[in-house]
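Undergrad: Got a predicted structure plus its sequence, pasted below:
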Amino acid sequence: MIETQETFNFTTMPFISGILALIFGAFIFIFAIWRKNKRRKLTGINGFTCADRMVNTRSTEKLLQFLALVLLISGFMLITFEAMRIEDKVMTEETTS
């Protein structure tokens, strides 16, 4: 592997976007699980007493978990593809030099 400045520069825009997607996805997923657990406790029953709100609450939690899952998968894919692109770029530099 050629040790140039470019091989150590991993802070590209897709890499940063992937990390941010992973962070926000994990935060939203944890928030949805926390909200679900809070709703099931005895103190949370008072906040979610209406049956009409219960349907909206469950669908909101499922929507949040789906959004978090999409963010986690897309962040992982962005990081993976960017790492593969950088590695391919380094390999082509190595073979042409």
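TA: Yep, it's here.
Undergrad: which one's the longest helix in the chain?
TA: Scanning the chain for the helix with the most residues, using DSSP state H, yields helix 51-96.
Undergrad: starting at the chain centroid, how far to it?
TA: 5 Å (CA atoms, centre = their mean, to the nearest Å).
Undergrad: Let me see the mean pLDDT of that helix.
TA: Averaging pLDDT along helix 51-96 gives 84.
Undergrad: who touches stretch 74-83?
TA: Under the contact criterion CB atoms under 8 Å, 6 or more residues apart in numbering, stretch 74-83 has outside partners 10, 12, 14-15, 17-23, 25. C-beta coordinates here come from the backbone N, C-alpha and C atoms, glycine included.
Undergrad: ok, so of the residues you listed, who is nearest A32?
TA: G25 (10.7 Å; CB to CB).
Undergrad: got a list of what the closest one touches?
TA: 67-72, 74-75.
Undergrad: so what pLDDT did it get?
TA: 95.
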